[in-house]
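> using only what follows, build the 3D model:
(one chain, ligands or ions: 1)
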Amino acid sequence: MKITVATNAGFCFGVKRATDRLEEALAQARAGETIATLGHLIHNESYNEGLRRRGVLTVSDSDLPALAAGANAEHPVTVLVRAHGCTKETEELLNRYAAENPYFRPIDCTCPYVKKIHRIAKENSAPDKVLLLIGSETHPEVVGILSWFEGEKYVFPDAQTLNLALMPNGAVRIDKKTPVMVAQTTLNLVNWNECQKKLKSIYTNAIIFDTICSVTETRQNEAVLMSRNVDMMVVIGGKNSSNTNKLYLTAKRNLAETYLAENTTELPLDRLRPHMKVGITAGASTPSGIIEEVKHIMENLIDTVSAGEDFEGMLEQSLKTISTGETIKGTITGISSGEI
Ligand code: F3S
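Residues are numbered from 1 along each chain as shown. Down below sits the predicted model:
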């Protein structure tokens, strides 16, 4: 079996930057300090569980007033804004709390690519412009971007719904206004190209900002190529991660044997056969340790089968659940300050 890992699998620049800043905050934390993230820092349950074990709190906007009020010399509070960013109102609130209380410290980990869309939305806010944002309405990144635009604004998930809304009797009335279109950073490329074609065909005055993150674009192109050249593909990442799901659907379009796994317990090991070509890719919020572990488990399983051992028996072994206090023998694929 040949296993290939995509060059761009795993943490993207923005997620790495956010997780590095959290590690820095944890390393510098004083006794009694509360470290919290505004929402989950990344969409990966294994990673988030690791943070919980290290005492990092996940808080929401409604927790901020109490956290800021309780911050003092003995119990300072640090709150990290994740790579998706937050709303304009939340950013202003965090800055106000920090100005009023020196023991309350926000750390803005918003990805620069997302910040750029905030700026576009802010700079284009005008009564004679209409913002068309292509993305998932409830995604925190989209909610954040919308808050920076003052004026008429709409969100559409795809070219089809955009088309319907722009029809003469549709929901959007552009009239003499100028449509301004931006995309969620992780939007599917095919979808975005269709939206651009549609808007340009109706409004020659449309202003379009290509805001898909280049990391997403490269990763999706790589997934397309890989899915054409392997027998099975495994996409590793959180089920609630937007870019992971898009990667999965992109690959699945070419290759029916494409599977989504959040961690090693969800691997489709029963589908593996010797001499298969397997491709592994991963979403932007998948830690490299999990990718290594997946590759290692698959290689081990097939090596043992090739050496003449029983496939089903090996499969059973590889799915073994480890309990606290148990002594096990294995290969270390990653070490961080809180776990192995
Ligand atoms: Fe930023 Fe792109 Fe990652 S927008 S968070 S570098 S997927």
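> count of neighbours near the residue nearest to K2 when sequence neighbours are not counted?
Spatial nearest neighbour of K2, excluding adjacent residues (Cβ to Cβ, 6 or more residues apart in numbering): K277 at 5.0 Å. All C-beta spots, glycine's among them, are computed from the backbone N, C-alpha and C. Residues near K277, counting by other Cβ atoms under 10 Å, number 14.
> look up how far S288 lies from the residue of the stretch 51-200 of the chain found nearest the ligand.
Of all residues in the stretch 51-200 of the chain, C111 sits closest to the ligand, with a separation of 3.1 Å (Cβ to the nearest ligand atom). Separation of C111 from S288 (Cβ to Cβ, to the nearest Å): 18 Å.
> give me the more crowded residue out of the two.
When C111 is set against S288 and neighbours are counted by other Cβ under 10 Å, the residue ahead is C111, at 23 against 15.
> look up phi and psi at that one.
With angles defined as degrees, to the nearest 10, C111 sits at phi -60, psi 140.
> can you check R105 too?
Phi and psi for R105, reported as degrees, to the nearest 10, are phi -130, psi 110.
> for it, list each beta-bridge partner.
Judged by DSSP bridges, the bridge partners of R105 are T78.
> number of nearby residues for it?
18.
> please begin residue numbering at 54 from this point
New numbering, starting at 54: the last item is R158.
> can you list the weak-confidence ranges in the protein?
355-377, 386-393 (pLDDT under 70).
> near the ligand, which residues of it are found?
Neighbours of the ligand within the chain, by Cβ under 6 Å from any ligand atom: 65-68, 136, 164, 166-167, 238-239, 266, 268-269, 296, 337.
> which stretches of the chain form strands?
55-58, 87-91, 110-112, 130-134, 157-161, 182-187, 205-209, 231-236, 260-261, 285-289, 311-314, 330-335 (DSSP state E).
> helices of the stretch 104-253 of the chain, start to end?
Counting by DSSP state H, counting those that start in this stretch, the stretch 104-253 of the chain has helices at residues 117-123, 141-153, 165-176, 193-200, 212-219, 242-255.
> any chance of these in JSON lines, plus mean neighbour count?
JSON lines is the format used below for the helices of the stretch 104-253 of the chain (neighbours: other Cβ atoms under 10 Å):
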{"stretch": "helix 117-123", "mean neighbour count": "15"}
{"stretch": "helix 141-153", "mean neighbour count": "15"}
{"stretch": "helix 165-176", "mean neighbour count": "18"}
{"stretch": "helix 193-200", "mean neighbour count": "22"}
{"stretch": "helix 212-219", "mean neighbour count": "17"}
{"stretch": "helix 242-255", "mean neighbour count": "16"}
